[in-house]
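Peer 1: Predicted structure and sequence below. I'll ask about it afterward.
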Protein chains: 2
Amino acid sequence: MVTAPFARVAVLGLGLVGGSLARLLRERGVDVVGQDVDGATVAAAGAVGLRATTSVAEAVDGADLVVLAVPLRAMRATAAELARSLGPDATLTDVGSVKGPVRHAVEAVGLGERYVGAHPMAGTEQSGFAASTADLLAGAPWAVTVPAAPDRLARLLHLITGTLGGTAAVLADDVHDEAAALISHVPHVLATQLLNAVAGAPVRDAALGLAAGSFRDGTRVAYTDPGRTEAMVTENAAWVAPALRKAIRDLESVVAALETNAPVHGFFQAADAVRELGRPGTRADLVAALPVALEGDWPSRLASECASGAVVVALTPAEALLAR
Amino acid sequence: MVTAPFARVAVLGLGLVGGSLARLLRERGVDVVGQDVDGATVAAAGAVGLRATTSVAEAVDGADLVVLAVPLRAMRATAAELARSLGPDATLTDVGSVKGPVRHAVEAVGLGERYVGAHPMAGTEQSGFAASTADLLAGAPWAVTVPAAPDRLARLLHLITGTLGGTAAVLADDVHDEAAALISHVPHVLATQLLNAVAGAPVRDAALGLAAGSFRDGTRVAYTDPGRTEAMVTENAAWVAPALRKAIRDLESVVAALETNAPVHGFFQAADAVRELGRPGTRADLVAALPVALEGDWPSRLASECASGAVVVALTPAEALLAR
């Protein structure tokens, strides 16, 4: 399967992620046009040389890839507006932190066949176009979700692993959303809880005065925009809620043991097998693994490999190259 | 109150913190002798030029400051051994991560009058003498606990803020231990829970493959020695257990709201006042505040200032200089 690169990309929503993606695409020589409902944001994008508009119809005119980079709560309305102006062959993707709900929004307006879900695993404490940089997503790891039309999936994988220099884990929506609950959304909730507990404590000021590494790291994401965190968590409530229920049960066992001087050894050793794997690394730590031929139902084969931890690092005309 | 510097310091226990303290003291020109029950550790200390011995009696002979740097579970036994050989004027301190239980151990062997509790707020993922460095505690923030004899307290504050270039928050045991539960021990428990949840999940490998910033930061301390974490948490169970009970109640409210589509805005905004203060900083962020004269019950006045977030940054013959 020989994949042609996308000739023109429209990025709808120029916040931290959308703005960073638009900057990176332009830096890598891609014809890109940005859109945002906020005129000041469009002006700011123009001021750094990005082509930008407030009009969705104008932005997507002639684009063969459209990226939904609006907040999760605006996905459905933007998809509906898009459905009226999207060219017949254009591919639709997104950068949302949950994938099942975005697919439902896109299917609800009849764009499901053209959709390939995506989620770049990168962010900062900041938000908004002013905080966006081409560096944020250069070489970033992405999740890309299936089912997806093979030709559209191949073109998006080519863009991510080739043009943007990143990696792509191809996953079913549910696998992505459960994994994201465990590695991102529940961590955000627990970080918020740590900050809330100190904020409400009689020893608040002494505690903040003593705070060192474990508190700084454990609460870093609680210092990001709490409105965005709330949106991320509520959109993925289907997976976050059961994960939190399990966390509550586990913590109840620990506290009951602490209150009765019973052993808590098991709790502290439970993840020893994962500790032995070392902390999750960066792209530099990846080791090349098997190639997967782009034949037959190759998207499902990729999803199977990626469910066991592999990621796509490159796409040739004949193969996807995986590493882990 | 003119304070004479300590002429000779004995450090009992040459693990990560004890080893780092011994190295730093020597680097700053202090006469220091180390002790460890493990002969290989004593040999390793000797190999880098530290005077070291396996004998507590030999180490403390002639020392006017003795630092208990053994694991929490060994504090009581080491204090008992120490009580037989400690010189009549020597001051006793420690580096334990909980302060009430260490004071009880010291009082139980009749050394309470000579004790000034201390806790350097620094660590790494590693443990043991091999991981120790003078840098770990150079300029570190410490907590120092009261009640304490004013002359002994002044000499220790002089050592920490002068010789070691650090800061000292003077706090009551309970304030320290509740604050430590909130900013260190509960964060360690929640980090362990995050790692355990991924370790036990069907999507474990996909999750580890996707793991990015929030998971890396949120689980960093879960990759430290789980045995040491367990000891820290169980020794401070009196404060950790109620803090965990509160966390469980808060999380139950959040999950109940997520399951019923009720608002969770309050949870995510609860710490806004603390967010506005900015993330807890480093010594460079401190701003000089008031001096406290070393007269009357100055230790209690320091404890009162430090309970509201101040730290001692220097000691003159007449004053403690505070910053916040």
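Peer 2: That came in fine, so what should we check first?
Peer 1: any idea where the strands of chain A begin and end?
Peer 2: Across chain A, reading from the start of the chain, the strands by DSSP state E fall at A:8-12, A:31-35, A:52-53, A:65-68, A:91-94, A:117-120, A:141-146, A:167-172, A:288-293, A:311-315, A:319-323.
Peer 1: okay, these in TSV with mean pLDDT, distance to residue A:205 and mean neighbour count next?
Peer 2: Using the backbone N, CA and C atoms, a C-beta is placed for each residue, glycine as well. As requested, these are arranged in TSV below (pLDDT from 0 to 100; distance: least, CB to CB, whole Å; neighbours: other CB atoms under 10 Å in any protein chain shown):
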stretch	mean pLDDT	distance to residue A:205	mean neighbour count
strand A:8-12	98	44	26
strand A:31-35	98	44	24
strand A:52-53	98	45	22
strand A:65-68	98	44	26
strand A:91-94	98	43	26
strand A:117-120	96	38	25
strand A:141-146	96	39	25
strand A:167-172	96	43	27
strand A:288-293	85	51	14
strand A:311-315	93	45	22
strand A:319-323	93	48	20
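Peer 1: Adding distance to chain B, write these out as JSON lines.
Peer 2: As requested, those are exported to JSON lines (distance: least, CB to the nearest CB, whole Å):
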{"stretch": "strand A:8-12", "distance to chain B": "21"}
{"stretch": "strand A:31-35", "distance to chain B": "24"}
{"stretch": "strand A:52-53", "distance to chain B": "28"}
{"stretch": "strand A:65-68", "distance to chain B": "19"}
{"stretch": "strand A:91-94", "distance to chain B": "16"}
{"stretch": "strand A:117-120", "distance to chain B": "9"}
{"stretch": "strand A:141-146", "distance to chain B": "6"}
{"stretch": "strand A:167-172", "distance to chain B": "5"}
{"stretch": "strand A:288-293", "distance to chain B": "12"}
{"stretch": "strand A:311-315", "distance to chain B": "6"}
{"stretch": "strand A:319-323", "distance to chain B": "10"}
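Peer 1: for chain A, what's the longest helix?
Peer 2: Scanning chain A for the longest helix, with DSSP state H as the assignment, gives helix A:237-259.
Peer 1: Check the offset of it from the chain's centre.
Peer 2: The chain centroid and the centroid of helix A:237-259 are separated by 25 Å, computed with CA atoms, centre = their mean, to the nearest Å.
Peer 1: so where do the helices sit in the stretch 51-200 of chain A?
Peer 2: A:56-60, A:75-83, A:100-108, A:134-137, A:150-158, A:173-180, A:186-199 (DSSP state H, counting those that start in this stretch).
Peer 1: right, so of those helices, which gets closest to residue B:32?
Peer 2: Between residue B:32 and the helices of the stretch 51-200 of chain A, the shortest separation by CB to CB is 35.8 Å, and it involves helix A:186-199.
Peer 1: what about residue A:297, neighbour count?
Peer 2: 10 (other CB atoms under 10 Å in any protein chain shown).
Peer 1: separation between the residue nearest to residue A:75 when sequence neighbours are not counted and chain B?
Peer 2: Leaving out its chain neighbours, the residue that sits closest to residue A:75 by CB to CB, 6 or more residues apart in numbering or on different chains is residue A:105, at 4.8 Å. Residue A:105 sits 17 Å away from chain B when distances are taken as CB to the nearest CB, to the nearest Å.
Peer 1: and the helices of the stretch 51-200 of chain A as TSV, adding mean neighbour count?
Peer 2: Formatted as TSV, the entries for the helices of the stretch 51-200 of chain A read as follows, by neighbours: other CB atoms under 10 Å in any protein chain shown:
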stretch	mean neighbour count
helix A:56-60	19
helix A:75-83	19
helix A:100-108	19
helix A:134-137	19
helix A:150-158	22
helix A:173-180	24
helix A:186-199	25
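Peer 1: by how many degrees do the longest helix of chain A and helix A:186-199 diverge?
Peer 2: 50 degrees (axes from the mean of the first three to the mean of the last three CA atoms, to 10 degrees).
Peer 1: Tell me what angle helix A:237-259 forms with helix A:173-180.
Peer 2: Using the same axes, to 10 degrees, the direction of helix A:237-259 lies 30 degrees away from that of helix A:173-180.
Peer 1: do helix A:237-259 and chain B meet?
Peer 2: Yes. Contact of helix A:237-259 with chain B is found when judged by CB under 8 Å from any CB of the partner chain, involving A:237, A:240-241, A:243-248, A:250-252, A:254-255, A:258-259.
Peer 1: Could you identify which of these has the most neighbours?
Peer 2: The residue in the residues of helix A:237-259 next to chain B with the most neighbours, by other CB under 10 Å, is residue A:240 (28 neighbours).
Peer 1: In this structure that residue contacts residue A:181, no?
Peer 2: Yes. Residue A:240 lies in contact with residue A:181 (CB atoms under 8 Å); the separation is 4.8 Å.
Peer 1: Could you provide the helices of the stretch 51-200 of chain A in CSV, with additional columns for mean pLDDT?
Peer 2: Rendered in CSV, the data for these read as follows (pLDDT from 0 to 100):
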stretch, mean pLDDT
helix A:56-60, 96
helix A:75-83, 94
helix A:100-108, 95
helix A:134-137, 96
helix A:150-158, 96
helix A:173-180, 95
helix A:186-199, 96
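Peer 1: Kindly reformat these as a markdown table containing distance to residue A:32.
Peer 2: Shown next, in a markdown table, are the helices of the stretch 51-200 of chain A (distance: least, CB to CB, whole Å):
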| stretch | distance to residue A:32 |
| --- | --- |
| helix A:56-60 | 10 |
| helix A:75-83 | 17 |
| helix A:100-108 | 21 |
| helix A:134-137 | 11 |
| helix A:150-158 | 15 |
| helix A:173-180 | 25 |
| helix A:186-199 | 30 |
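Peer 1: Of all these, which one is nearest residue A:34?
Peer 2: Shortest distance between residue A:34 and the helices of the stretch 51-200 of chain A, using CB to CB, is found for helix A:56-60: 7.0 Å.
Peer 1: Could you list every helix and strand in contact with that closest one?
Peer 2: Applying 3 or more CB pairs under 8 Å, 6 or more residues apart in numbering or on different chains; DSSP states H and E, one finds that helix A:56-60 makes contact with strand A:8-12, strand A:31-35, helix A:75-83.
Peer 1: so the longest helix of chain A versus helix A:100-108, what angle?
Peer 2: Computed by the same axes, to 10 degrees, the angle separating helix A:237-259 from helix A:100-108 equals 170 degrees.
Peer 1: Please enumerate residues in contact with helix A:237-259?
Peer 2: Identification of contacts with helix A:237-259 by CB atoms under 8 Å, 6 or more residues apart in numbering or on different chains yields A:100, A:177-178, A:180-182, A:185-186, A:189-190, A:233, A:262-264, A:267, B:189, B:193, B:196-197, B:233-234, B:237, B:240-241, B:244-245, B:247-248, B:251-252, B:254-255, B:258-259, B:261.
Peer 1: Kindly report the same for stretch A:288-301.
Peer 2: Taking CB under 8 Å, 6+ apart as the criterion, the residues outside stretch A:288-301 that touch it are A:1, A:146-148, A:150, A:153-154, A:170, A:302, A:305, A:310, A:313, A:315, A:317-324.
Peer 1: Pull up the distance across that stretch, start to finish.
Peer 2: Across stretch A:288-301, the terminal residues are separated by 17 Å (CA to CA, to the nearest Å).
Peer 1: for stretch A:178-188, same thing?
Peer 2: Across stretch A:178-188, the straight-line distance between its terminal residues is 14 Å, by CA to CA.
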